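Peer 1: Just a sequence and a predicted model for now, questions to come.
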Amino acid sequence: MLDSRHVLAALILPVALLLGAMGTATGATEEPGPVAALVPDAGVPDAGVGAANVGTEVLGLVPPTPVPSRKDAPPITKMRSLSRKEDLLSRAKLRRDGRLVVPGPEGEATLTIDPVLQEQLVRIMKDYQTPYGAAVVLEPSTGRVLALAEHSEAQPDMRGLTTRAVFPAASIFKIVTGSALLEAGVSPTEEACFHGGKRRLDERLLEDSERDGACYSLASAMGKSANVIFAKMTKKYLAADTLRRMAARLRFNRPISFPIPTEVSLASIPDDEFGLANAGAGFGDVFLSPLHGAALAAASATGVWRDPVLFEPGPGVQPPEGEQVLTPEVQRALADMLEETVTHGTARRIFRERAFRVPGAVGKTGTLADKNPFRDYSWFVGFAPKDHPRVAVAAIVANDPLWRIRGTWLGREAMRLALERLPAPPPQNVAVKTAPAPVEPAGVEKVSPVSAEPGVAVKAEPASAVEVAAGKSVSAAAEAGAAQKAAALSVEPAVAGKAAQMSVQPASAGKATPSSVQPAVAGKTTPSSVQPAVATPTPSQPEGQDEDDESQEEGTVEMTAPAGNAAPPSP
């Protein structure tokens with residue numbers, strides 16, 4: 001008689017063999033392997049998704065979390081501040097050599113932040129009472145972060161605006177779309193014609209029509225932020241997967257490694273034709289952090305993605321090589337297109353202000369307005385100089401209906417001040433023959449090259465030691481010229497004895513006064529001492545993305561002052 005245990009084994013064995021065969025047939029057996037094999041990286045140009053198992057999230061192609069609706073649930077309404085532990089900059093101390101350091105397990109760790117530049121940018125945002133503002137400056141060749149400046153007049157205790165992806169990317173996403181179009185073989189000179197589309201798109205605008213009264217090349221469309229052109233070209237040349245891959249390569253829907261917690265910049269790129277075109281034009285549910293915006297500018301400048309660096313590397317440590325995300329040909333063409341923004345497009349007026357120009361600057365503007373609650377978002381993302389990039393910046397300002405400055409002005413100042421702080425570049429190996437400068441006797445009057453009125457004689461005086469220590473860059477002649485132009489425009493300088501908060505900031509020992517916020521001086525009109533002009537509020541448009549409209553999109557008024565449409569700040 002068989003033992004009961006033998007009988008049980010004889011019954012179980014066939015069942016086990018049957019189940020094993022079924023598992024093999026359905027692919028249920030797990031084989032160990034590297035994670036990268038299961039999650040292809042969409043940031044690599046030849047990363048494949050066909051081999052991915054059903055349900056596997058491909059890195060960057062699928063948002064890691066649901067993308068909020070900008071119209072129904074704007075994420076800025078749920079923004080939280082950094083904790084004390086997370087906020088490294090609030091814990092940083094200024095060392096005797098002028099560097100910021102934070103304590104670490106192995107001693108002090110030196111930050112890459114430039115304390116003077118950081119203070120200058122924070123002061124600007126405080127003086128102009130920005131409801132929400134942030135400016136980030138990077139060194140494109142290394143990823144070193146030179147400034148992480150922020151201020152919120154609406155929520156003074158808010159910290160972390162530079163790393164929060166709560167701001168609509170708006171037309172900044174055209175950098176992604178433009179890169180994808182160039183990679184698809186579209187020439188920067190290719191033209192399309194359009195009408196309408198300044199504040200919103202509809203499907204009829206994507207069809208060629210007899211009403212199309214203007215034609216732009218792709219390069220001009222980038223500079224003028226022409227929404228319909230980008231929508232039409234997205235529809236014609238790009239598949240949803242193509243745009244998703246370029247977005248993933250430029251780190252949308254992917255984490256960015258950084259010591260301060262940094263939110264993922266989420267991007268929803270629909271499959272349907274109109275949704276895809278809408279996203280390509282910058283109207284989709286796409287969000288961007290200022291830190292990511294500056295890194296995007298750096299990648300546009302070099303063609304290489306480098307994660308931002310906050311700690312100085314140790315002796316002999318080389319910075320990471322980074323990842324090539326744009327071919328040299330695409331990068332050069334993209335830089336040429338971004339130059340259009342500054343030379344002929346939406347940022348032209350801001351970058352042409354006398355004494356505040358940034359040679360070789362390129363970039364992209366973006367504006368979008370939410371209706372409930374109303375917030376007017378304005379961006380500038382760019383780098384300079386174009387041919388030998390030394391700084392990359394991103395600036396965002398979220399305004400109320402009344403505003404004083406917007407993102408393009410803040411971005412230009414971040415770029416200008418950062419370049420002033422950097423050491424002079426090494427001389428180029430080009431022999432240049434120059435004539436000797438004429439020697440003029442002291443006290444001789446000469447015409448300022450930047451005077452607002454040609455032929456007006458002003459006396460050039462050297463900057464004082466206090467001005468130099470304060471980081472002042474505008475010469476006496478330039479300031480006199482600005483004063484003359486301001487007088488011609490009937491702009492009142494700050495009244496002596498009753499100076500506004502931003503107009504009297506004397507330089508003190510150990511604390512530099514930013515060159516963009518100079519003390520009011522009798523007879524001089526400096527950028528911050530010019531009283532803001534009073535104008536009508538920003539229109540409460542639900543989309544608010546203006547196309548080739550500097551006064552609305554880029555927030556300037558008809559004067560050289562950086563003022564907006566709000567009354568002057570209280571003394």
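Peer 2: Perfect, I can see it now. None of the values given here were measured: they were computed from a predicted structure.
Peer 1: Could you report the neighbour count for V186?
Peer 2: A count of nearby residues for V186, using other CB atoms under 10 Å, gives 17. In this view, the C-beta of every residue, glycine as well, is placed from N, C-alpha and C.
Peer 1: just the helices in the stretch 301-450 of the chain please.
Peer 2: Under the criterion DSSP state H, counting those that start in this stretch, helices of the stretch 301-450 of the chain are mapped to 328-343, 348-351, 407-421.
Peer 1: Near V102, how many other residues are there?
Peer 2: Neighbours of V102 under the rule other CB under 10 Å: 17.
Peer 1: The helix or strand where it lies pairs with which strands, parallel or anti?
Peer 2: Assessed by DSSP states H and E, V102 sits inside strand 100-104. Neighbouring strands of strand 100-104 in its sheet, by DSSP bridges, are strand 93-94 (antiparallel), strand 107-110 (antiparallel).
Peer 1: If you average the pLDDT over it, what comes out?
Peer 2: What strand 100-104 shows for mean pLDDT is 92.
Peer 1: try stretch 235-243
Peer 2: Over the span of stretch 235-243, the pLDDT mean works out to 97.
Peer 1: Lowest-scoring secondary structure element of the chain by mean pLDDT?
Peer 2: When each helix and strand of the chain is scored by mean pLDDT, DSSP states H and E, helix 35-38 comes last, with a mean of 30.
Peer 1: Just grab the bridge partners of V62 for me.
Peer 2: L59.
Peer 1: For it, give me the pLDDT.
Peer 2: So, for V62, pLDDT stands at 93.
Peer 1: do T130 as well
Peer 2: 98.
Peer 1: Return the residues in contact with it.
Peer 2: T130 sits next to H151, S152, E153, V397, A398, N399, R404, I405, L410 when contact means CB atoms under 8 Å, 6 or more residues apart in numbering.
Peer 1: how far away is it from V393?
Peer 2: 16 Å (CB to CB, to the nearest Å).
Peer 1: Now do the helices in the stretch 1-150 of the chain.
Peer 2: 4-26, 35-38, 88-91, 115-127.
Peer 1: what's the least confident stretch among the ones you listed?
Peer 2: Minimum mean pLDDT among these: helix 35-38, a mean of 30.
Peer 1: Please look at F167 and F287 and confirm they touch.
Peer 2: Yes: using CB atoms under 8 Å, F167 is in contact with F287, at 6.4 Å.
Peer 1: and the two? which has more neighbours close in?
Peer 2: Each of F167 and F287 has its neighbours counted (other CB under 10 Å); F167 has more, 32 against 27.
Peer 1: Just grab the bridge partners of that one for me.
Peer 2: Counting by DSSP bridges, F167 is bridged to L288.
Peer 1: What of E323?
Peer 2: W305.
Peer 1: Touching, it and V304? I think so.
Peer 2: Yes: between E323 and V304 there is a contact under CB under 8 Å: 6.6 Å.
Peer 1: Could you count how many residues lie near Q318?
Peer 2: Count around Q318 with other CB under 10 Å applied: 7.
Peer 1: okay, it: pLDDT?
Peer 2: 83.
Peer 1: Next, work out how far apart it and S141 are.
Peer 2: According to CB to CB, Q318 and S141 sit 12 Å apart.
Peer 1: Can you give me the end-to-end span of stretch 294-308?
Peer 2: 9 Å (CA to CA, to the nearest Å).
Peer 1: How about stretch 92-102?
Peer 2: One end of stretch 92-102 sits 5 Å from the other (CA to CA).
Peer 1: Neighbours of F194, how many?
Peer 2: What F194 shows, counting by other CB under 10 Å, is a neighbour count of 24.
Peer 1: Just read off the phi/psi values of it.
Peer 2: For F194, the backbone dihedrals are phi -160, psi 170 (criterion: degrees, to the nearest 10).
Peer 1: I figured it hits R211, correct?
Peer 2: No: counting by CB under 8 Å, F194 stays clear of R211, with 9.2 Å between them.
Peer 1: give the contact list for P328.
Peer 2: G303 are the contacts of P328 under CB under 8 Å, 6+ apart.
Peer 1: so what's S179 up against?
Peer 2: If a contact means CB under 8 Å, 6+ apart, then S179 has M246, L250, S300, L326, V330, L334 as its contacts.
Peer 1: of all these, which comes closest to A355?
Peer 2: Nearest to A355 among these is S300, at 27.2 Å by CB to CB.
Peer 1: The closest one falls within a strand, correct?
Peer 2: No: S300 sits outside any strand when classified using DSSP: H, G, I helix; E, B strand; the rest coil, being helix.
Peer 1: Quick check, it in contact with R332.
Peer 2: No: contact criterion CB under 8 Å: S300 and R332 do not qualify, at 10.7 Å.
Peer 1: more crowded one of these two?
Peer 2: S300 (30 against 15).
Peer 1: Enumerate every residue touching that one.
Peer 2: I175, S179, L326, Q331, L334, A335, L338, F383, A392.
Peer 1: The last one: neighbour count?
Peer 2: The local packing of A392 (other CB under 10 Å) involves 31 other residues.
Peer 1: Do you have the strands of the stretch 351-500 of the chain handy? List them.
Peer 2: With strands called from DSSP state E, counting those that start in this stretch, the stretch 351-500 of the chain shows them at 362-371, 374-384, 391-399, 446-447, 457-458.
Peer 1: could you dump the ones you listed to CSV with mean pLDDT and distance to G107?
Peer 2: Shown next, in CSV, are the strands of the stretch 351-500 of the chain (pLDDT from 0 to 100; distance: least, CB to CB, whole Å):
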stretch, mean pLDDT, distance to G107
strand 362-371, 94, 39
strand 374-384, 97, 34
strand 391-399, 98, 30
strand 446-447, 40, 54
strand 457-458, 38, 53
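Peer 1: Determine which stretch of these is the most buried.
Peer 2: strand 391-399 (a mean of 30; mean count of other CB atoms under 10 Å).
Peer 1: That one pairs with which strands?
Peer 2: Strand pairing (DSSP bridges) places strand 391-399 next to strand 132-138 (antiparallel), strand 374-384 (antiparallel).
Peer 1: Ok, which of those strands comes nearest T110?
Peer 2: The minimum distance between T110 and the strands paired with strand 391-399 falls on strand 132-138, with 17.0 Å, by CB to CB.
Peer 1: quick one: that closest one to helix 115-127, angle?
Peer 2: If you take axes from the mean of the first three to the mean of the last three CA atoms, to 10 degrees, strand 132-138 sits at 160 degrees to helix 115-127.
Peer 1: Quick check: chain neighbours aside, which residue is closest to R416?
Peer 2: V358 (5.1 Å; CB to CB, 6 or more residues apart in numbering).
Peer 1: got a list of what that neighbour touches?
Peer 2: Here V358 is in contact with F351, A384, R412, M415, R416, L419 (criterion: CB under 8 Å, 6+ apart).
Peer 1: Tell me the backbone dihedrals of it, please.
Peer 2: Main-chain torsions, V358, degrees, to the nearest 10: phi -120, psi 100.
Peer 1: According to the record, where do the domains of this structure fall?
Peer 2: 134-421, 448-488+493-529 (automatic domain parsing).
Peer 1: and among these, the most buried is which?
Peer 2: domain 134-421 (a mean of 22).
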